[in-house]
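Asks: Fold the following for me, if possible:
(chains A, B and C)
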Amino acid sequence: MAEMKLLLEHSNDPEYATLKGYLAKGGYTGLGKALKMERQAVIDSVKASGLRGRGGAGFPAWIKWNGIEKEITKPHYMICNADEGEPGTFKDKELMENTPFLVIEGMTIGGYATQSKVGYIYIRGEFVDACRAMRKAIDEAYANGYLGKNILGSGVDFDLYIHTGAGSYECGEESALMSSLMGERGMPRLKFPHAPLPTVAGLWDCPTIINNVETYSCVPFILDRGGEWYATLGASTKNSRGTKIFSVSGHVNKPGNYEVEFGTTLMELLDLAGGMKGGMLKACVPGGSSVPIINAADCERAIIGYEEMAEVKSMVGSGGCMFLNEHTCIVSFIWRTAQFYANESCGKCTPCREGTKWMFQILDRIVRGKGQPGDAELLVDITKQIDGRSFCGLGDAAAWPVAGAIRVFPEEFEYFIKNGRSMVDSAESRAMAPKWAQPAYS
Amino acid sequence: MSETVAIGTPRPRAPRPEELDLKFSESAVAELDALKTHYPDLKSCILPGLWIAQREYGGWLPPEAIAEVAFRLNRSFAEVEGVATFYTMYNTAHKPGRHMIEVCTCLSCHVCGAYRIVDYLEEKLGVKLGETTPDGMFTIHEVECLDACDRAPVLQIGDQYVGPVTSEMVDKILDDLRKVETPSAVQLSDAVVKVHLRDGDK
Amino acid sequence: MAVDEGHRTVSVTINGIEIEVPQGELIVESVKRLGLEIPVFCYHPRMKPVGMCRMCLVEIGFKQPDGSVRMMPKPQAGCTLPASEGMVVLTDSESVHRDRKGVLEFLLVNHPLDCPVCDRGGECPLQNNTLAYGPSTSRFIDLKRHLPKAYPLSQYVMLDLERCIQCGRCVRFTEEISGEHELAFRFRGASMQPSTFQLLDFESKFSGNVIEICPVGALTSAQYRFRARPWDLQTTPAVCTACSNGCNVWFDHRAGRFVRINGRINEGVNEEWTCDKGKFGHDYYNSTDRLRTPLVRKGDQFVEATWAEAYEEIVKGLESAGKDVAGLCGTRIANEGLFLFNRLFKQVLGSRSVDHRWTRTLGTSRVQTPIAGIEGKKGVLVFGSNPAEDLPIVFLRLRKAATRNGTQVTVVTPDVTEADAFATVASRIGQGDVLKVAQEIVDGQSELARKVADCLKEDGAIVTSDRVRNLPGGGEALRLLEDLAARCGAEFNCYPTGPNAMGAELLGVLPGDGGLDTWGILQGCCSGTIKALWLLDCDPTTVEGGDQALESAEFLVYQGVTRSEATAFANVVLPMAAPAEQDGTWTNCERRLQRMTQAIAAPGDSKPAWRIFSEVILRLQPSTPFFNPREIMKAIADADPRFLPGASDLPEEGAILSATTQAAMAGDGA
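Replies: Numbering: from 1, shown residues only, chains lettered A, B, ... in the order given. You can find the predicted model right below:
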């Protein structure tokens, strides 16, 4: 299938980031329709669309919206998770910089549907350009009656604040984000069944909805053109509806964001990104660094869909798709992945705090040529002690890439451990490695 | 750290509120006051408050800056220090050079040549990652994913992402930076603070 | 939580056994009902569960309508999981044991092998759990982290960051229980470590508690450092005698010498906490200033004497003074000793001049709210002094009431208090304005008065201490507030602050009709009206006019545990046993009578106060000396029915005495 630009249709038009340009292209029609519907009808529309969270978990959005208290006893909050931290992903960046009103409109519709009068957009601190675009758009919306009191004369109020992070991947986890928003260290909070769901007690113990930037951006289209229409997109898959923006990067000729219908194949996506650069396809991490790596053979048969990706033992995740060519040393790639998780672990729970650092120390040893026999088995064992035992998903996210890479490319690990050097022997692979690691590639 | 201290010796203590030398300018105080209206709980102002403090204290957060934020928000010093040291963009460890160059070496940037940029910077500036040049002009750091992977390899300097970066571009970047007076951490912190403030707050 | 009527229960199946437990009870507690135990590190029953260490992972499932059991795909933390209907718990399966081994292996990756030099060895949950569930060898061959060790965090607390397993108990204690949030985690991931701000002094009145709750040797006592191994210690249940709160403690000793104090559970008094004044305030037991033999003055010198010689001197001195004798005491003396001290002067010597009080103006206490009762109050007025300073455990209870039960707290004090942090109203008054402000509150017109009235309107209590009497007008202010409380239907409390001051007061160690009070006695010494003075464990040189009084006194007996400035003035010095060196009962600030049994022998020739007075009385008046403190308590109870609970076996947690004899006779509790 070809690219299907729904959210990104006008992303290249600088006017679209202004209110005037947004309205000119049909913006805020969705909100206009929503405000004339009953709140439940808006939620039903989202249900009919089959929209699943675009942040990485793929949880049906309508369940969250429907799950919030219908009777108001405390203020309701709407949070947009714009702490895009998953390596390989940059779709939210483009959406915020180029189509900021989609996000605002989506949150406003959500605010109406869930009776939330206050919304926060938690944007990672590094994304200053995205922050500025959102700030400008929000100010424009306020100035023209699209935010604040009595939106479009409907009697509905919605206030939107920007709150930035300050450098923590863990704050992309929804409960850690709430902690950070409340002024604490970005550590996750107890989840169901240990504590009530955020829709019951979230931010400041009040009912809260958290969704990803891309998820909110889909909502105006769902309300404008109807949930049933949205569900026709991706109908070839089992249960993945609509379009998904994939951030394609790595060894491709045209890295960038590509929006495709669910059901597109991974190879079609690679084509859209201009095909491989610098060598043949060797492996792909299709959904951000947390999802298991897949080899070229599996890439050939992979179809983009939440259930479909499970067939190749991977996931859609955040859609951060990195294609790696034949010169990539998988061991080195996983070494850097492990370093990422060790640095980003918040430290709350024992398995992730100690396990991510230990895995990194083992891989560091291997990459320096000092691997010991049994290291690969030890790594897999460690992943088994982290996966499912950690407090939040970051532990799982740290364990899957290591376990997945050893499962799919066992020979590379064996070779490196046994011989103290990489199995990938080329000038190009040496060019990717840090200076101190280069001896392993000559 | 080895310190031989007789057991029972009184330890150096944290400053009392009246001993603090507050440095927030009037406009900074006004900014913090505006931020307090954004949340139902004062504690939420800790993060944006630390951004304000980082700007006011010249691009980093010495212990005094943390104490001032804690004092202004009625929280304990330890709590605010705990928050500040958790996040990487708050410079608590040391004052960076005038310009901090952060190189992403994560996944896509890694396979697209980020380490060559690191090598070039280390060689050109004569320092290793995490160090500051003797003239105090540049500090280089390695950072985790900046999520701009389509422009790999990517640098962050102040509020700007620069990418895709080549060794050839680095020279020009450094030369241009030498002409900029405002420390990049100050400029970044200011930009972040401004992003929080609504039209009505300014 | 007992399972009884009124609690909704659910049926859970633990290791195949089905039981009813209160709905919402944490699984880690439910399993205890079957005598099982889930190992934990970060969980602490008095703090919110966090599920950080993952040591308590168990397998959880749910009974389905068709009778089958659907197990959850991942193990769950038992310390945060509330019990619900149909829950199935497996605490001993193979996978649970594997998970425990995994967690321990992770903890031991960076935990140093310090056991030989670590104070916690022998009473260490990490050691115990590793022995029970852990790996016997390490697979870790990389570099362990290196961090400051043996770092003096305060004069009492030593920090060893390498040993820390990041359980968060210490941080959560300072946040949830003591409230100062002095400790917080810094940095993140494997670098995460608890610390004070900039590793500066850990300034807290309750810092000792983190030593006890730390599951490893990361936070240890500087005082106890390297003093003993736990298996060398004997431990005796005791009552802390640093202040009037009477917290229950464990008195640890070794080969007859005091070693350390740990908190002991008493839900009515201190729950399980201690304060630093008490926990670290018992080293005087081993002080080189301990008095060990009686001393008699010969010219300028003190000469060691036998008890018989000392008593002879005393009898001579007292007889020559006739009725012009007086007694002053401190309050770190058991009920039995105080009773006989009082009897010696009032009945045997015929003097009415005895006193135990040392505040600027004198008065008596009034206590209507037991410590645990503060939790149930809807509003509390704190007036005149800082409860965290005077009555630390009362303060903790007040904080618990405010933060967990929504109690409205109004603070009206001269200085900043720790209670300000959770008070709804915190008002500063001048040191000299106590009476004026009390009047203002009683008048009911001002803003402050209205706030106080609002605070006390329903289920209210006023909390003050006898320290308020040190402020000018303090005594009168307390009287006004007592009246106010009566009018509002609130409870009034002026808690005494001396260790057994309540006991002294109930036993009548106060001036009789026409007798002199403390200040009168000191003046009397100067003017010659008082010729002989007996100092029982007190040092008048610390108060105004004390030096002159002691100089002027013709005959002075100093009876104490340690030397003080006053000792030098004495004619006879009597060495006294410290509280834990004798059997005795103590009365805390809420009138709770608690019994202490002797833990260690008194050093040298020192004797408990009750025996000293018994022997002196014998030499002045033919009588049968008391055999032991139990007999004395029986005599006390005979004279004063309020003390009846002491005459029989006291329950472990003590018993609160009735406020009045009428109430005692009527069988009403306090």
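
Asks: Pull out the buried positions in the lowest-mean-pLDDT helix or strand in chain A.
Replies: Using mean pLDDT, DSSP states H and E, the weakest-scoring helix or strand in chain A turns out to be helix A:427-432, at a mean of 91. Under the neighbour-count criterion of 16 or more other CB atoms under 10 Å in any protein chain shown, helix A:427-432 has A:428-430, A:432 buried. Any C-beta I mention is one placed from the backbone N, CA and C, and that applies to glycine too.

Asks: and if you look at stretch C:367-382?
Replies: Quick answer for stretch C:367-382 (16+ other CB under 10 Å): C:367-374, C:377-382.

Asks: could you check whether stretch A:266-274 is close to chain B?
Replies: No: Stretch A:266-274 stays clear of chain B (CB under 8 Å from any CB of the partner chain), getting no nearer than 9.2 Å.

Asks: Buried by neighbour count: which residues of that stretch qualify?
Replies: By neighbour count on 16+ other CB under 10 Å, the buried set for stretch A:266-274 is A:266-270, A:272-273.

Asks: again, but for stretch A:312-320
Replies: A:312, A:314-320.

Asks: is any part of that stretch close to chain B?
Replies: Yes: residues of stretch A:312-320 are located near chain B by CB under 8 Å from any CB, namely A:Gly320.

Asks: Report the contact partners of B:Thr39.
Replies: Not Thr; residue B:39 is Tyr. Listed by CB atoms under 8 Å, 6 or more residues apart in numbering or on different chains, the contact partners of B:Tyr39 are A:161, B:45.

Asks: Which residue lies nearest the spatial centre of chain C?
Replies: The centre of chain C sits closest to C:Cys247, judged by CA atoms, centre = their mean, with a distance of 2.9 Å.

Asks: Domain map for chain B?
Replies: Domain segmentation of chain B under automatic domain parsing yields B:17-93+B:187-200, B:99-182.

Asks: Output the lowest mean pLDDT helix or strand found in chain C.
Replies: Min over SSEs of chain C, mean pLDDT, DSSP H and E: helix C:661-665 (a mean of 80).

Asks: Report all helices and strands that that one contacts.
Replies: Counting contacts by 3 or more CB pairs under 8 Å, 6 or more residues apart in numbering or on different chains; DSSP states H and E, there are no secondary-structure elements packed against helix C:661-665.

Asks: Which residues does that helix contact?
Replies: If you take CB under 8 Å, 6+ apart as the criterion, helix C:661-665 is touched by C:640-642, C:644, C:657-658, C:670.

Asks: Need the three-state assignment for the closest residue to C:Ala486 other than its chain neighbours.
Replies: Distance criterion CB to CB, 6 or more residues apart in numbering or on different chains; nearest residue to C:Ala486, sequence neighbours excluded, is C:Phe492 at 7.2 Å. Under DSSP: H, G, I helix; E, B strand; the rest coil, C:Phe492 falls in the strand class.

Asks: what about C:Phe492, distance to chain B?
Replies: 32 Å (CB to the nearest CB, to the nearest Å).

Asks: A:Gly256 now?
Replies: For A:Gly256 relative to chain B (CB to the nearest CB), the value is 5 Å.

Asks: Number of residues surrounding that residue?
Replies: Here the number of neighbours of A:Gly256 (other CB atoms under 10 Å in any protein chain shown) works out to 19.

Asks: Skipping adjacent residues, who's closest to it in space?
Replies: Distances taken as CB to CB, 6+ apart place B:Asp150 nearest to A:Gly256, at 4.7 Å, with adjacent residues excluded.

Asks: Quick one: low-confidence residue ranges for the chain.
Replies: Just so you know, I chose chain A. A:1 (pLDDT under 70).

Asks: actually chain B
Replies: For chain B (pLDDT under 70), the answer is B:1-8, B:202.

Asks: what do you get if the cut-off is 90, keeping everything else the same?
Replies: B:1-12, B:17, B:163, B:199-202 (pLDDT under 90).

Asks: in it, which spans are helices?
Replies: With DSSP state H as the criterion, chain B has helices at B:26-36, B:46-56, B:63-73, B:77-86, B:107-111, B:114-125, B:167-178, B:184-196.

Asks: just so I know, which of the ones you listed lies nearest chain C?
Replies: When those are compared by CB to the nearest CB, helix B:77-86 sits nearest chain C, at 3.5 Å.

Asks: the inter-axis angle of the closest one versus helix B:63-73?
Replies: Counting by axes from the mean of the first three to the mean of the last three CA atoms, to 10 degrees, helix B:77-86 lies at 120 degrees to helix B:63-73.

Asks: neighbouring contacts of helix B:77-86?
Replies: A:168, A:183-186, A:346, B:14, B:46-47, B:50, B:61, B:63, B:66-67, B:69-70, B:73, B:90, B:92, C:181-188, C:195-198.

Asks: returning to that earlier point: out of the buried residues of stretch A:266-274, which are inside helices?
Replies: Per DSSP H, helices hold the following members of the buried residues of stretch A:266-274: A:266-270, A:272.

Asks: tell me the mean pLDDT for stretch C:223-238?
Replies: For stretch C:223-238, mean pLDDT rounds to 95.

Asks: Hmm, I typed the wrong one, I wanted stretch C:161-168.
Replies: 97.

Asks: got the end-to-end distance for stretch C:572-592?
Replies: 35 Å (CA to CA, to the nearest Å).

Asks: try stretch A:286-293
Replies: With CA to CA, one end of stretch A:286-293 sits 7 Å from the other.

Asks: sorry, back to before: show me the contacts for the residue nearest to A:Gly256.
Replies: B:Asp150 makes contact with A:90, A:247-249, A:255-257 under the criterion CB under 8 Å, 6+ apart.

Asks: Check whether residue 185 sits in a helix, strand or coil.
Replies: Let's take chain A. When classified by three-state DSSP, A:Arg185 comes out as coil.

Asks: nope, chain C
Replies: strand.

Asks: How much space separates it from C:Ile177?
Replies: In this view, C:Phe185 and C:Ile177 are 17 Å apart by CB to CB, to the nearest Å.

Asks: Look at these two and report which has more neighbours.
Replies: Neighbour totals were compared for C:Phe185 and C:Ile177, and C:Phe185 leads with 26 against 21 (other CB under 10 Å).

Asks: Quick check: chain neighbours aside, which residue is closest to C:Gly512?
Replies: C:Arg352 (3.2 Å).

Asks: Could you verify that that neighbour is part of a strand?
Replies: No: applying three-state DSSP, one finds C:Arg352 to be coil, outside a strand.

Asks: Just to check, it is in contact with C:Val509?
Replies: No: proximity of C:Arg352 to C:Val509 does not meet the contact threshold set by CB atoms under 8 Å, at 11.6 Å.

Asks: which one of those two has more residues nearby?
Replies: Between C:Arg352 and C:Val509, counted using other CB under 10 Å, C:Val509 has the larger neighbour count: 26 against 16.

Asks: if I pick the closest residue to A:Asp425 other than its chain neighbours, what's in contact with it?
Replies: Sequence neighbours aside, A:Tyr441 is the residue nearest to A:Asp425 in space, at 6.9 Å (criterion: CB to CB, 6+ apart). Counting by CB under 8 Å, 6+ apart, A:Tyr441 touches A:329, A:421-422, A:424-426, A:429-430, A:433.

Asks: Going along the chain from the lengthiest helix in chain A, find the next helix or strand for me.
Replies: Across chain A, the longest stretch assigned as helix under DSSP H is helix A:350-367. Using DSSP states H and E, the next helix or strand after helix A:350-367 towards the C-terminus is helix A:375-386.
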